[in-house]
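**Q** how does the following fold in three dimensions:
(2 chains)
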Amino acid sequence: EAQVTQNPRYLITVTGKKLTVTCSQNMNHEYMSWYRQDPGLGLRQIYYSMNVEVTDKGDVPEGYKVSRKEKRNFPLILESPSPNQTSLYFCASSDQKSGTARNYEQYFGPGTRLTVT
Amino acid sequence: GNSVTQMEGPVTLSEEAFLTINCTYTATGYPSLFWYVQYPGEGLQLLLKATKADDKGSNKGFEATYRKETTSFHLEKGSVQVSDSAVYFCALTLSGGYQKVTFGTGTKLQVIP
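**A** I've put the predicted structure just below:
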């Protein structure tokens, strides 16, 4: 089954304690992205990756890091979490090679609800 | 820059009512337009899309028409069901090597029996 998986689904942590949210896709997609979803703000892109070892900042990258060492995995790292990073996080992937860019569909993971106290 | 504006929610409808969720956009160039749906506790999934002016996307009884003259992509359904209760996101992306996706803020729909 084609899917994007995220772990953990729920996480409660304290300020300053480093954490990693994993993301994996089994569709051989080149493009992966992280979003955060906050009430009234919709989805905002944190980081994206167009291929292995190619990553770039999205709209709200401050306080986050990512890496893309393998095509299937795209972990999100919070080196020193703060309460303003309490949010619902989504990983997404899409296939840049299928058709033109205009047809790209994003496949989303189930989300990770993070609470930083 | 690019932006997507959706009508404020929540929208509450009775079962079998007609649904419209408004979406307008601002974009440099000619975007593709999408509607994503998020059911409770789940990630977003593509509902429908349209890639050029006057295209109509449709799926599961939902429809939206790409209107270039009014820069709109309103979502409609003739008869909603309780199972349609979800959050709906309008989104756009431009062609090119990097497919930046811009999302609206989402509209929550609640359908009551």
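**Q** C-alpha only now, for contacts and for neighbours.
**A** Noted.
**Q** mind listing the strands the host helix or strand of A:Ser49 pairs with, and their directions?
**A** Under the criterion of DSSP states H and E, A:Ser49 resides in strand A:42-51. Sheet pairing here is set by DSSP bridges, and for strand A:42-51 it gives strand A:31-38 (antiparallel), strand A:54-57 (antiparallel).
**Q** what's in contact with the first one?
**A** What that stands for is strand A:31-38. The contact list for strand A:31-38 (CA atoms under 8 Å, 6 or more residues apart in numbering or on different chains) reads A:43-51, A:74, A:76, A:87-96.
**Q** before we move on, what about the last one?
**A** Identification of contacts with strand A:54-57 by CA under 8 Å, 6+ apart yields A:Ile46, A:Tyr47, A:Tyr48, A:Ser49, A:Val66, A:Ser67, A:Arg68.
**Q** nearest to B:Ile112 among those residues?
**A** Ranked by distance to B:Ile112 (CA to CA), the contacts of strand A:54-57 are led by A:Ile46 at 35.4 Å.
**Q** for the residue nearest in space to the middle of chain A, which non-adjacent residue is spatially closest?
**A** Nearest to the mean C-alpha position of chain A, counting by CA atoms, centre = their mean, stands A:Trp34 at 2.5 Å. Among residues not flanking A:Trp34 along the chain, A:Cys91 sits closest, at 4.6 Å (CA to CA, 6 or more residues apart in numbering or on different chains).
**Q** residues touching the one you found, list them.
**A** Contact analysis of A:Cys91 by CA under 8 Å, 6+ apart lists A:Val4, A:Gln6, A:Cys23, A:Met32, A:Ser33, A:Trp34, A:Tyr35, A:Phe108, A:Gly109, A:Gly111.
**Q** let's go with 10 Å and repeat that
**A** A:4-6, A:21-25, A:32-36, A:45-48, A:74-76, A:106-112, B:43 (CA atoms under 10 Å, 6 or more residues apart in numbering or on different chains).
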